[in-house]
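Visitor: structure, please.
(2 chains)
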Amino acid sequence: MSEQVRVRFAPSPTGDLHLGNVRTALYNWLYAKHTGGAFILRVEDTDKVRSTEQSFESLLEIMKWLGLDWTEGPGVGGPHAPYRQSERTAIYEDYLGKLKSGGFVYPCYCTEEELELERKRQLGRGHMPKYGGKCLKLTEAERKQWDAEGKTSVLRFKVPAGEILVRDEVRGEVVFPDDQLGDFVLTRSDGSPTYNFTVVVDDALMKVTHVIRGEDHLSNTPKQILIYKALGFTPPKFAHLSIIKGADGQKLSKRHGETSCESYRAKGYLPEAFLNYLALLGWAPKSGEILSLKEMAAEFDLTHVGKSGATFDAVKLHWMGAQYIAKLSLDDLTRGVLPFLDEAQLLTRDKARDKFDWLKQVVDTVRTSLGCYSDVVKETFYFFSDELSFEPAQTEEMSGQLKVLEAFEKAFQEWAGEFNGENFMKIVKEVGKATGAKGKGLYHPLRLALTGREDGPELAKVGPILGRDKVVERLRVWTKGEVKD
RNA sequence: GACCCCAUCGUCUAGAGGCCUAGGACACCUGGUUUUCAUCCAGGCAACACGGGUUCGAAUCCCGUUGGGGUCACCA
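Guide: A predicted model of the protein is given here:
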């Protein structure tokens, strides 16, 4: 059994790539790397109505951004091309012929209204809805007549009796009882094949050995196994990953906010950090939580993938992001953050080039609190803008500290030496001595006046970066009573 | 409703019958460093859903209950 492992990620291009899909792609990729196998990217775009070219393009782009490179698929080709289902219709036609001649399918002329009615009746009786097989009983003459009348039909798969066993790599053996499966649709009334059919044909022809996908496909698996058998193929091994949930315990969806991979890229998360976090949702590496794709691949193993659903936690993702940002060089981090400052209209790229060293200092002061690049905007706002806003309670506090603020203003105003961190602290200490203010009473009013925030980096760093004039100016806003908000 | 899956700290998880007085990470709290803030360091809070079995012994195996989730399309 030294057969090469072949796995695939097969999304449909019907919108932005979802977090759950990213984890599925990652696990497939990791398993391929771990085993030295192939990672196939296949695009399931048989739904002509919902699939778009734009989604297809952005899918490829986001996969590249993530660094999940594929050994076969769009752009790189491979021995089983094409890798877009919309380009494989002739192949499906071929295999459909085999099912027809084997007597595995029959046409169904039921209208959507009829089917809907049947479904409702079954639901009302407390049964799982399934197709009753009405059109199976049609005679050849009746079919000819329907066809002649121009009635549209779909092709259904004739489900044989007998329970179906799914052997799942993460779930063990799952038995689906006999009578639950109705004859399901293989081709639509326009003749196009449906997912359950194309997925089997493609996985079989592409020699996929392990189908690793979301749990939502588990209930489709019996149908697919039936098709494998009818076509004379050996089914691959299956591994169904538990669903990723939102904070309310439901399957993660749009109403939970940010669920597309794209939105995390737009926020400026590092792809390595993003994948590292996602990897931890259902898998626990032995060697600690922070590890590179290469390290993950070395350790990854299907048997240690968890069965229970995990809740997505943006707070921990933020922490993970910060771990990766901490590893960046200051130059790289500063360059990375630049587009976000530009977008927020705090600093244009041109200006940034002129003041790059200054900008580096700014970024350095806040680097430990950045989970993603875009965090830089809220963390460094006050370095670029004078429009600080204050809560009523803060304004009140400042009014009570006027003496201290005045002392600061005077001391900074009169300072003629170099305005560095050391001297800044010297001045602060002197003001403390002169006014008797100390600790929070000394620093807090100054911090608020300079940054408009309760927290932030060391003032000894903030002051010199702002420069003496700016410091005096921001103090004067208070001492002159010119409060703006 | 039917079928299927799942069940350890608030969250992600370790745990493959004795190593478990249940370990780690995030979050939170406290202390130290810092006359502010943050980092950092040290410590702390906090969980085996419940009930029956099996066993000398169960978080771990079995059954049931409860709870949560997924799926029931001419979507994938």
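
Visitor: tell me which parts of the stretch 51-200 of chain A are close to RNA strand B?
Guide: Contact residues (CB under 7 Å from any atom of the strand) of the stretch 51-200 of chain A with RNA strand B: A:110-112, A:115, A:119, A:123, A:126-131, A:152, A:154, A:171-172, A:174-177, A:180, A:184-185, A:188-190, A:194-196, A:199. No exception for glycine: its C-beta is placed from N, CA and C like everyone else's.

Visitor: what ranges does the stretch 151-300 of chain A have for its helices?
Guide: A:195-205, A:221-231, A:261-266, A:271-279, A:293-299 (DSSP state H, counting those that start in this stretch).

Visitor: out of the ones you listed, deepest packed?
Guide: Compared across the helices of the stretch 151-300 of chain A, helix A:271-279 shows the largest average neighbour count, a mean of 23 (mean count of other CB atoms under 10 Å).

Visitor: can you map out the strands along chain A?
Guide: A:6-9, A:38-41, A:105-108, A:154-157, A:164-168, A:172-176, A:185-187, A:210-214, A:237-241, A:244-245, A:310-311 (DSSP state E).

Visitor: those strands: which one's closest to A:L19?
Guide: The minimum distance between A:L19 and the strands of chain A falls on strand A:244-245, with 5.9 Å, by CB to CB.

Visitor: for that closest one, which outside residues touch it?
Guide: Contact with strand A:244-245 is made by A:L19, A:G20, A:R23, A:K251, A:L252, A:L281, A:G309, A:A310, A:T311, A:F312, as judged by CB atoms under 8 Å, 6 or more residues apart in numbering.

Visitor: what about stretch A:404-414, distance to the chain center?
Guide: Centroid separation between stretch A:404-414 and its chain, computed with CA atoms, centre = their mean, to the nearest Å, is 50 Å.

Visitor: so which bits of that stretch are buried?
Guide: A:V404, A:L405, A:E406, A:A407, A:F408, A:E409, A:A411, A:F412 (16 or more other CB atoms under 10 Å).

Visitor: contacting residues for the fifth one?
Guide: Contacts were defined as CB under 8 Å, 6+ apart; by that measure A:F408 touches A:I427, A:V428, A:V431, A:P445, A:L446, A:A449, A:L475.

Visitor: wait, the third one sits on A:K438?
Guide: No: in this structure, A:V431 sits apart from A:K438 without contact. The criterion is CB atoms under 8 Å, and the distance is 10.2 Å.

Visitor: tally of neighbours for the nearest residue to A:R167 once chain neighbours are set aside?
Guide: For A:R167, ignoring the flanking residues on the chain, the nearest one in space by CB to CB, 6 or more residues apart in numbering is A:E173 at 5.6 Å. When neighbours are defined as other CB atoms under 10 Å, A:E173 has 8 of them.

Visitor: and what of A:G371?
Guide: Quick note: A:G371 (other CB under 10 Å) scores 23 neighbours.

Visitor: in PDB, could you pull the C-alpha coordinates for the helix or strand bottoming out on mean pLDDT in chain A?
Guide: Using mean pLDDT, DSSP states H and E, helix A:392-400 stands out as the lowest-scoring helix or strand of chain A, at a mean of 84. Taking C-alpha atoms only, helix A:392-400 is exported to PDB below (Å, rounded to 0.1, in the frame of the first residue of the first chain):
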ATOM      1  CA  PRO A 392     -16.900  64.300  29.600                       C
ATOM      2  CA  ALA A 393     -15.300  62.500  32.500                       C
ATOM      3  CA  GLN A 394     -11.800  63.000  31.000                       C
ATOM      4  CA  THR A 395     -12.500  66.700  30.300                       C
ATOM      5  CA  GLU A 396     -13.500  67.100  33.900                       C
ATOM      6  CA  GLU A 397     -10.400  65.300  35.100                       C
ATOM      7  CA  MET A 398      -8.200  67.600  33.000                       C
ATOM      8  CA  SER A 399      -9.900  70.700  34.400                       C
ATOM      9  CA  GLY A 400      -9.000  69.500  37.900                       C
END
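
Visitor: elements contacting that helix?
Guide: For helix A:392-400, the elements it packs on are helix A:440-451, judged by 3 or more CB pairs under 8 Å, 6 or more residues apart in numbering; DSSP states H and E.

Visitor: who does A:V174 bridge with?
Guide: In this entry, A:V174 is beta-bridged to A:V166, by DSSP bridges.

Visitor: these two touch, right, it and A:V166?
Guide: Yes: contact criterion CB under 8 Å: A:V174 and A:V166 qualify, at 4.5 Å.

Visitor: about what we covered before: check the residue nearest to A:R167 and give its pLDDT.
Guide: On the pLDDT scale, A:E173 is placed at 93.

Visitor: before we move on, what about A:F424?
Guide: The model's pLDDT for A:F424 equals 92.

Visitor: how about it, nearest residue that isn't a chain neighbour?
Guide: Leaving aside its chain neighbours, A:F424 sits nearest to A:G463 (4.3 Å; criterion: CB to CB, 6+ apart).

Visitor: ok, the one you found to A:T365 distance?
Guide: Per CB to CB, to the nearest Å, A:G463 is found 11 Å from A:T365.

Visitor: now A:T187
Guide: Taking CB to CB, one finds A:T187 at 63 Å from A:T365.

Visitor: the spatially closest residue to A:A266 that is not a sequence neighbour: neighbour count?
Guide: Distances taken as CB to CB, 6+ apart put A:S374 closest to A:A266, at 7.8 Å, once the chain neighbours are dropped. A:S374: 19 surrounding residues under other CB under 10 Å.

Visitor: report pLDDT for A:S374.
Guide: Model confidence at A:S374 (pLDDT) stands at 97.

Visitor: which ones are touching it?
Guide: A:S374 neighbours (CB under 8 Å, 6+ apart): A:A266, A:K267, A:G268, A:F340.
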